[in-house]
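Peer 1: can you look at this prediction? I've put the sequence above it.
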2 protein chains.
Amino acid sequence: MSMKSKSTSELKASIHRVEEICKSNKLGLTEIRKLVFEIIVKNNKPIKAYEILDKISNINNKPSHPPTVYRAIDFLIENGFVHKLNSINSFVGCFHPKAHKECYFLICKKCNIYQECCDDSLKDRISKTAIHNNFVISNTTLEIEGHCLDCSQK
Amino acid sequence: MSMKSKSTSELKASIHRVEEICKSNKLGLTEIRKLVFEIIVKNNKPIKAYEILDKISNINNKPSHPPTVYRAIDFLIENGFVHKLNSINSFVGCFHPKAHKECYFLICKKCNIYQECCDDSLKDRISKTAIHNNFVISNTTLEIEGHCLDCSQK
DNA sequence: ATAATATATGTTATGTTATAACATTGCAAT
DNA sequence: ATTGCAATGTTATAACATAACATATATTAT
């Protein structure tokens, strides 16, 4: 499977899913939070907080401030709609929120497109490693950087 | 295995190993680089760049500047003597440099002690995941945060 | 030995990422 | 209406990292 960007319908579905989850869980999906989520998922690639900030400032035709963005991101991460890629200080949308707590990523250095790779065998292996070390996991960062099929062929 | 800090002899051995590797590979282990490595490994816990900076400033009795520290860290990371924990913007010494390219970590949120956990089965699993996705890995970040045995019993 | 080159360090400034602290708004419950 | 609470606005600053250029130190070729 090569890494390709999401289709318009996938994006719509993703946004709709978040709306539904928020509705049924009584989570306040405010205008800003929704806007930030849309900006993140529509971006295809990992996006940085200040890039989001710029986009919002443009949309609103007036400057926004960092806390506005970071608060929205916090909300989205807390509820599993967005993940942070620590290795590149960037944010990505989650395309199966609530399906799992942890999310692992392949990140192409060349085209910057990312892909979730949350197979159970990997999850199990990490879990076994933790158990073997008497360690109780609260959260896991797994970010695999490299080149996707398309980019390694070029 | 509980997570405990390294003994003095382990630290000495670790520093000695780095000296030997540099000697045999003609890597310039300058005073600053050696000092930064010592500060990092002796710290036991992940340490932040500006903490290192403060320590150096104290040792030299005059202020040092960020590039001094970051350059030394770059050298140490390039040669596998130190790793960066992206999830907490901190640095840790590597206790088996050159033994492997990638290094995985367990990080206790409570006591802040970390532990390398580079079993081959985990490495294999990650490698298989990449292959399955036609992805060529250049580097991997795996940071498992949670609680170690001691801290989860408290 | 000396000049030329490369490598490392010093220094100043600034860029980038993220949060603290407090004021204000809007809305729901009593 | 008033209180309480969640969200947002706003200002300022903290925390993390690098660019750019000057200087020094080591290495190599002549």
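Peer 2: Right, received. Where do you want to start?
Peer 1: neighbours around the residue of chain A found nearest DNA strand D, how many?
Peer 2: Of all residues in chain A, the one sitting closest to DNA strand D is A:Thr30 (2.9 Å; CB to the nearest atom of the strand). For glycine as for every other residue, the C-beta is placed from the backbone atoms N, C-alpha and C. For A:Thr30, the neighbour count with other CB atoms under 10 Å in any protein chain shown is 12.
Peer 1: next: A:His16.
Peer 2: Applying other CB under 10 Å, I find that A:His16 has 10 neighbouring residues.
Peer 1: which SSE is it in?
Peer 2: helix A:8-24 (DSSP states H and E).
Peer 1: list the contacts for the nearest residue to A:Glu38 once chain neighbours are set aside?
Peer 2: Excluding its sequence neighbours, the residue lying closest to A:Glu38 (CB to CB, 6 or more residues apart in numbering or on different chains) is A:Ile15, at 6.0 Å. Applying CB atoms under 8 Å, 6 or more residues apart in numbering or on different chains, we find A:Ile15 in contact with A:Lys34, A:Phe37, A:Glu38, A:Val41.
Peer 1: okay if I get the residues you listed as JSON lines plus pLDDT?
Peer 2: Compiled in JSON lines, the contacts of A:Ile15 are given as follows (pLDDT from 0 to 100):
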{"residue": "A:Lys34", "pLDDT": "98"}
{"residue": "A:Phe37", "pLDDT": "98"}
{"residue": "A:Glu38", "pLDDT": "98"}
{"residue": "A:Val41", "pLDDT": "96"}
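Peer 1: how about those residues in a markdown table, adding distance to B:Phe81?
Peer 2: Output for those, formatted as a markdown table (distance: CB to CB, whole Å):
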| residue | distance to B:Phe81 |
| --- | --- |
| A:Lys34 | 46 |
| A:Phe37 | 41 |
| A:Glu38 | 44 |
| A:Val41 | 40 |
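Peer 1: most neighbours among the residues you listed, please name it.
Peer 2: The most crowded member of these is A:Phe37, carrying 26 neighbours; neighbours defined as other CB under 10 Å.
Peer 1: stretch A:32-44 and DNA strand C, are they touching?
Peer 2: No: Stretch A:32-44 stays clear of DNA strand C (CB under 7 Å from any atom of the strand), getting no nearer than 12.5 Å.
Peer 1: what residues does chain A have near chain B?
Peer 2: For chain A, the contact set with chain B under CB under 8 Å from any CB of the partner chain comprises A:1-3, A:86-87, A:104, A:106, A:108-109, A:115, A:117, A:119, A:121-122, A:125-126, A:128-130, A:132-149, A:152.
Peer 1: can you give me the helices in chain A?
Peer 2: Here chain A has its helices, by DSSP state H, at A:8-24, A:31-42, A:49-60, A:66-78, A:120-132, A:149-153.
Peer 1: which stretch among these comes nearest A:Val92?
Peer 2: The closest of those to A:Val92 is helix A:31-42. By CB to CB, the value is 6.8 Å.
Peer 1: perfect, I'm done here.
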